[in-house]
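Trainee: The sequence and its predicted three-dimensional model are supplied below.
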Amino acid sequence: MSDEWIDISVPVRNGMVHWPGDPAFHIERAEDQDKGDQANVSRMSLGVHTGTHMDAPVHYIRNAPGIDAMPIDAAIGPARVIAIQDDQSVKRAELIPHSIQRGERILFRTKNSEHSWSSDQFDENFVYISRDAARYLAECGVRTVGVDYLSVGGYRNDGPETHEALLGAGIWIIEGLNLREIEPGDYDLICLPLKLDGSDGSPARAVLRRKS
Ligand SMILES: [Zn+2]
């Protein structure tokens with residue numbers, strides 16, 4: 001069915017995977033009907049780069065805008081899902097044949113969507129965007145880039161360089177997508193981070209609908 005919205009967010013729950021060194025997610029009942037309280041009210045603690053989330057320019061660039069400054073249409077509108085064959089990183093040579101256009105919202109579906117989310121252990125070998133491909137995306141002038149694990153940059157390679165190349169070019173970043181159910185092609189995207197004042201990132205809910 002082409003008119004159905006498909007959830008591409010990951011569940012947020014105790015024990016879920018997080019970036020090494022970032023705060024773990026934790027939620028618990030602060031008020032609990034089972035303990036005589038009138039209502040159930042939960043309290044949570046988390047890093048703002050938990051699960052499916054967006055990065056703001058200030059994540060890597062001093063004094064740059066926070067997530068509350070994101071133009072709403074950076075993450076709502078047409079988006080293209082590109083399947084990446086390389087099982088190490090997204091590389092410029094694999095992107096060139098896709099004729100990426102200025103203003104596009106591009107989501108990369110890699111082997112991460114099949115493998116990395118099946119475990120609560122952090123996958124150090126996830127497919128990331130190489131710094132060279134990040135610079136190419138900046139040259140193309142894309143609006144938004146989405147990836148299917150916890151960072152656009154690699155665990156060992158190109159972490160700061162890829163973030164700086166994208167964020168420095170004014171590209172908005174969605175991380176932590178699960179694109180397992182998604183075929184490559186054209187979609188409508190809705191992704192909304194919380195309006196966290198000046199924050200370097202925020203959890204978000206993201207959904208896609210196939211263009212008919
Ligand atoms: Zn992030």
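Mentor: Perfect, I can see it now.
Trainee: Of all the residues in the host helix or strand of residue 132, which ones are buried?
Mentor: Residue 132 is part of helix 131-140 when elements are defined by DSSP states H and E. Across helix 131-140, burial judged by 16 or more other CB atoms under 10 Å covers 131-138, 140. Just so you know, the C-beta spots here come from the backbone N, C-alpha and C atoms, and that holds for glycine as well.
Trainee: what do you get for stretch 77-93?
Mentor: Per 16+ other CB under 10 Å, stretch 77-93 contains these buried residues: 77, 79-84, 89-91.
Trainee: Just give me how far stretch 159-179 sits from the chain centre.
Mentor: 8 Å (CA atoms, centre = their mean, to the nearest Å).
Trainee: Give me the residues contacting the helix or strand of the chain with the lowest mean pLDDT.
Mentor: Every helix and strand of the chain was ranked by mean pLDDT, DSSP states H and E. The lowest is helix 112-115, at a mean of 95. For helix 112-115, the external contacting residues (CB atoms under 8 Å, 6 or more residues apart in numbering) are 123, 126-127, 147-149, 177-180, 182.
Trainee: again, only using 7 Å
Mentor: If you take CB atoms under 7 Å, 6 or more residues apart in numbering as the criterion, helix 112-115 is touched by 126-127, 148-149, 178-180.
Trainee: and which of those is nearest residue 11?
Mentor: Closest approach between these and residue 11, by CB to CB: residue 178, at 9.3 Å.
Trainee: Show the model's pLDDT score for that closest one.
Mentor: At residue 178, the model reports a pLDDT of 98.
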